[in-house]
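Engineer: This is the structure alone, sequence omitted:
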């Protein structure tokens, strides 16, 4: 088996058919290209991470004001990669306190009692050689919780200034969030709650109000991820040489995952696939 050394376990981020299509998977995990350039950090990602961390620190007993200040300071140091993301960074800083506060309100409504933070759960799955699983945001004795933040987006007005557009809270969890939750639920053997927060409020989904988060829905989502793991595993069994396995996968550079990848890296990826004249 030529299982690639970069893959030691199947996390949702390595499996999701929507957010990590096969061509992107090969470029990111098999080709040995610069991972930070294939998947460059942006302000929303960084703000989401820091908002989670502030919420987690609060749940572990830190005063809320201190938790927010610590994480907001970290966020302030982030260097936005371009002008639009610089505007995004300003919006994330502006709304940071409110988003964290809304996570806190949601967790008190759900009466969350923390057992562990960022706990790794893994399980085996039929036909898959490596474990599947991941790090769960907030673990309780009888529940797991995943937090998802939504940030307003800057848009350029006709007069050349930026305004903000609110990203509304979803009416139900997104399919990729359900697939992630399904892996965590299976690995931890606990039901799962997904909490969305933006600067306007929060939404909580669990088995009581969301069919997709009941046993049948989670099993179906887990099966999608198991099929994805099986396909990726079997590709890596053919070879660990990206130029060989790329011949079995159709590249699609119009997929949004390639949007923020710089042209130099795209050229290298096209080389792996054997593109003629760029």
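Structural biologist: Sure thing, it's come through. What you are looking at is a predicted structure, and each value in this text was computed from that prediction instead of being measured.
Engineer: middle-most residue in the protein, spatially?
Structural biologist: Ranked by distance to the mean C-alpha position of the chain (C-alpha atoms, centre = their mean), the top residue is residue 13 at 6.2 Å.
Engineer: and the gap between that one and residue 152?
Structural biologist: Distance of residue 13 to residue 152, computed by C-beta to C-beta, to the nearest Å: 24 Å. C-betas here are computed from N, CA, C, even on glycine.
Engineer: again, but for residue 246
Structural biologist: For residue 246, the distance to residue 152 - C-beta to C-beta - is 38 Å.
Engineer: Could you check which of these two is surrounded by more residues?
Structural biologist: Neighbour totals were compared for residue 246 and residue 152, and residue 246 leads with 23 against 19 (other C-beta atoms under 10 Å).
Engineer: so that one touches residue 275, yeah?
Structural biologist: No. Assessed by C-beta atoms under 8 Å, residue 246 is found out of contact with residue 275, at 10.3 Å.
Engineer: quick one: low-confidence parts of the stretch 51-200 of the chain?
Structural biologist: Along the stretch 51-200 of the chain, no part satisfies pLDDT under 70.
Engineer: any idea where the helices of it begin and end?
Structural biologist: 64-76, 83-109, 175-188 (DSSP state H, counting those that start in this stretch).
Engineer: Next, count neighbours for the nearest residue to residue 258 once chain neighbours are set aside.
Structural biologist: Take residue 258 and drop its neighbours on the chain: the residue closest to it by C-beta to C-beta, 6 or more residues apart in numbering is residue 266, 6.7 Å away. Residue 266: 16 surrounding residues under other C-beta under 10 Å.
Engineer: in the stretch 101-250 of the chain, which spans are strands?
Structural biologist: Assigned by DSSP state E, counting those that start in this stretch, the stretch 101-250 of the chain shows strands spanning 116-123, 132-139, 144-149, 153-156, 162-165, 192-197, 202-205.
Engineer: With mean neighbour count and distance to residue 66 added, can I get those strands in TSV?
Structural biologist: What follows is the strands of the stretch 101-250 of the chain, written out as TSV (neighbours: other C-beta atoms under 10 Å; distance: least, C-beta to C-beta, whole Å):
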stretch	mean neighbour count	distance to residue 66
strand 116-123	16	16
strand 132-139	22	19
strand 144-149	24	19
strand 153-156	15	29
strand 162-165	14	28
strand 192-197	25	19
strand 202-205	20	22
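Engineer: out of those, nearest to residue 27?
Structural biologist: Among the strands of the stretch 101-250 of the chain, the nearest to residue 27 by C-beta to C-beta is strand 132-139 (21.4 Å).
Engineer: hmm, back to that, for the residue nearest to the centre of the chain, which non-adjacent residue is spatially closest?
Structural biologist: residue 20 (6.3 Å).
Engineer: Give me the phi and psi for the one you found.
Structural biologist: Phi and psi for residue 20, reported as degrees, to the nearest 10, are phi -140, psi 70.
Engineer: tell me the contacts of it?
Structural biologist: 13, 14, 28, 257 (C-beta atoms under 8 Å, 6 or more residues apart in numbering).
Engineer: ok, of the residues you listed, which one's closest to residue 110?
Structural biologist: So of the contacts of residue 20, ranked by how close each gets to residue 110 (C-beta to C-beta), first place is residue 13, at 25.3 Å.
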